[in-house]
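Peer 1: Sequence and predicted structure are below.
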Amino acid sequence: MNNSILNQVSLNPEQQEAVLHTEGPLLILAGAGSGKTRVLTHRAAYLIEQGVNPWNILAITFTNKAAGEMRERVNQIVGMGSESVWVSTFHSTCVRILRRFIDRLGFDTSFSIYDTDDQKSVMKEVCKKLEIDTKVIKERSLLAAISHAKDELISPAEMELDAGADYYKQRTSAVYKEYQAQLRRNNALDFDDLIMKTVELFQNCPEVLDNYQERFRYIMVDEYQDTNTAQFRLVSLLASKYRNLCVVGDDDQSIYKFRGANIGNILNFEKVFPDTKVIKLEQNYRSTGNILNAANDVIHNNAGRRDKRLWTENEDGAPVHFRQFQNGYEEAEYIIGNIRSHVEKGEAQYRDHAILYRTNAQSRMFEEKLVHANIPYKLIGGVNFYARKEIKDLLAYLKTIENGQDELAVRRIINVPKRGIGATTLSRVGDYAAAEGISFYDALLNAEQIPGIGRGSAKVLPFTVLIQTLRARQEHGSVSELLEAVIEETGYVKELELEDTEEARARIENIDELISKVRDYDDNAEEPSLSGFLEEVALVADIDNLDEESNHVVLMTLHSAKGLEFPYVYMAGMEEGLFPSYMSIMADNPREEIEEERRLCYVGITRAKKELTLTAAKQRMIRGEIQYNKVSRFVREIPEECLDIKTETPGQRSKEEWESRREKRREAFLEARRNLRAKPFETSPVTVTKADHLDYGVGDRVRHLRFGEGTVLEITEGRKDYEVKVEFDTAGVKKLFASFAKLKKC
DNA sequence: GGTTGGAAACTTTTT
DNA sequence: GTTTCCAACC
């Protein structure tokens, strides 16, 4: 074992033990900052070193970002063969499996994936059909009930059985049943279905399960504390043959109960797998002593947890700061000023700072101040790029081309741009489709035969012709060519250009952004395909776009911050009613809910490496109303000896001054949002940075992260970027954008 | 069939 | 304070 991977790196005894324990179930209880990713990646490397085929290793994470990072690190340590290790999220893994085998469950393999908006639209239909007054029972709560059922692998039939005589439950199960029927008709799955259907597939088709059990002989699951029952079942099924299941988690960082995470999965792991080896990683390498003490003392107030206490060899560092302000405005001003002074003094860069808050709504004030101070920032969360109207419209065209059964997509675009097709025509078509037992789109193809449609059929024809033409085009050609054809043929952008408003221009810029995303996909995906692109789009989270390289302050919710670390962390809005949230205090089971909030607080505190600042405001505007909040209980749970407390005195300002500031703030915010709209992935300088020169030329040998080595055939200088044509030794000839491809001369 | 203005609802967190 | 929805108009 002399040349072993183990001798090349320094791992502490527990970490080493975890790496070495390759056979049988393994539970790693990894405290915050204890180097769990390091353990996982080295474990993968060690497995391969021991002769395990990389192809037989599966590593599951929760976000694409985490998967990407793990992939990169495994590549670094392992080198050859590392690309066959399957590193992916739960959802992507399931999609890949379902794309191959879902026909066995009666779906078509070109199924669509519905996002929250789509789910809502379906639910609206369902409620209309079942005559449910959505003012009495909200779509949202029905969807929540269904989602929860799916997390627990409860089918509509089971829910119905369980309902007994309870009218409300009966109603819910009827809605669930109809909702599933509609999804089925659209050949669509929602997020939760992705997991549940895969479990169903494995349970119904032993040969498919066996296939994947053979493939994934070694399984690792990251952030195990956040798995729900369905995900647990999925993993158990896969691991049941070889039993080489390694899960890593921290019960103190379980913050997704609302999304169905079952903390029992981690607390009872040893009961389900009796011969489990348990390893605790309690040494923290991330934070200062003071920060760690604060975290330890806060979390100690929770009752339902495995006992542990993180320790560190790091210095105590600065005390944790607590600042209370008159209002949210002064709070933001202080934080931004603090960040600026760090940067001006040369102590840190913008990207070393993160502002964390409980709710997305709190981001606004910080955005205003950051724009005003001309500080680059990146906002994570809020409205997803792919949820914007213009993007959803164009994607609906692509979905229609890919999956003609997706009625939601067809309905969305049939009259966009305007084709004079209205509600009457649509409902006739819908009736006809139902009567004939065919899909909505197939009914459109037979428009002239539909009774009572009149002139409508003439208006439908150009639409179906368009789709058929585009479908024919899809057969050969890239996804970007297809998207450009859609834009061209529909005149979507042309129409926006004619509008000539600020908003329309922003939309066009978003569409440009979409085009470059598609090109990037065409260039970098292993096997680019329309369904592959749609899937990537459906499964991205905003956090996946956080790029550590670019230099900006990061704004996000405490939830999004899990798994990240920053030298300077600000936790804003440390107030009773905000954090812990009003909802948790008022819940039926406040103790449990507040414990979850406390875990969230623990996650926030442990993100900080060097300095942690907590802030609160005495009065805060919430939904247009001023609230007066007490300081959060979590602040008081931090030991005094590592806390430095200051209450800022209110600044003396006249009423007029406030009024004029208000105006300025409004303007600043509107501008910020314009910028955000224009460049959804980066608020500051530019989206694509065209290098002023490339350090390779035609004929040079270059290396690409995924495609390996190759020879440069051609370099074309474009408006925004260089386009490089490379002949790869193994992957063939590819056209790549220089800024995306990050080619290295070798 | 499309546009517009005013009322209602909304905020906990997300793959 | 902001977004979404729907009714009344064109």
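Peer 2: Great, that's in hand.
Peer 1: Now the closest residue to DNA strand B within the stretch 451-600 of chain A: closest residue in space, sequence neighbours ignored.
Peer 2: Nearest residue of the stretch 451-600 of chain A to DNA strand B: residue A:541, at 2.8 Å (CB to the nearest atom of the strand). (Glycine included, C-beta is placed from N, CA and C.) Spatial nearest neighbour of residue A:541, chain neighbours left out: residue A:63 (5.5 Å); criterion: CB to CB, 6 or more residues apart in numbering.
Peer 1: Check residue A:65 too.
Peer 2: residue A:544 (4.6 Å).
Peer 1: Same question for residue A:583.
Peer 2: residue A:593 (7.5 Å).
Peer 1: now residue A:466
Peer 2: Leaving aside its chain neighbours, residue A:466 sits nearest to residue A:489 (5.9 Å; criterion: CB to CB, 6+ apart).
Peer 1: State the number of residues packed around that neighbour.
Peer 2: Look at residue A:489: counted by other CB atoms under 10 Å, it has 14 neighbours.
Peer 1: List the residues that contact it.
Peer 2: Applying CB atoms under 8 Å, 6 or more residues apart in numbering, we find residue A:489 in contact with A:466, A:469-470.
Peer 1: Okay, residue A:411 and residue A:131: tell me how far apart.
Peer 2: 21 Å (CB to CB, to the nearest Å).
Peer 1: same question but for residue A:33, I mixed them up
Peer 2: 54 Å.
Peer 1: Settle it for me: which of those two has more neighbours?
Peer 2: Applying other CB under 10 Å to residue A:33 and residue A:131 shows that residue A:33 carries more neighbours, namely 23 against 6.
Peer 1: So what does the residue of the stretch 451-600 of chain A closest to DNA strand B have for phi and psi?
Peer 2: The phi/psi pair for residue A:541 (degrees, to the nearest 10) reads phi -110, psi 160.
Peer 1: Look at it and report its pLDDT.
Peer 2: Per-residue pLDDT puts residue A:541 at 81.
Peer 1: Could you pull up the contacting residues of it?
Peer 2: A:63-65.
Peer 1: for residue A:54, same thing?
Peer 2: The neighbours of residue A:54, taking CB under 8 Å, 6+ apart as the test, are A:48, A:78, A:81-85.
Peer 1: could you flag which of the residues you listed are buried?
Peer 2: Buried by 16 or more other CB atoms under 10 Å: A:48, A:78, A:82-83, A:85, out of the contacts of residue A:54.
Peer 1: Need the residues you listed in TSV (columns: distance to residue A:325, secondary structure and pLDDT).
Peer 2: Compiled in TSV, these are given as follows (distance: CB to CB, whole Å; DSSP: H, G, I helix; E, B strand; the rest coil; pLDDT from 0 to 100):
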residue	distance to residue A:325	secondary structure	pLDDT
A:48	53	helix	92
A:78	50	helix	84
A:82	50	helix	83
A:83	51	helix	84
A:85	49	coil	92
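Peer 1: and the two most separated of those residues?
Peer 2: With CB to CB as the measure, no two of the buried ones among the contacts of residue A:54 lie farther apart than A:48 and A:83, at 11.7 Å.
Peer 1: Now the longest strand along chain A: average pLDDT?
Peer 2: If you go by DSSP state E, chain A has its longest strand at strand A:608-622. Average pLDDT, strand A:608-622: 93.
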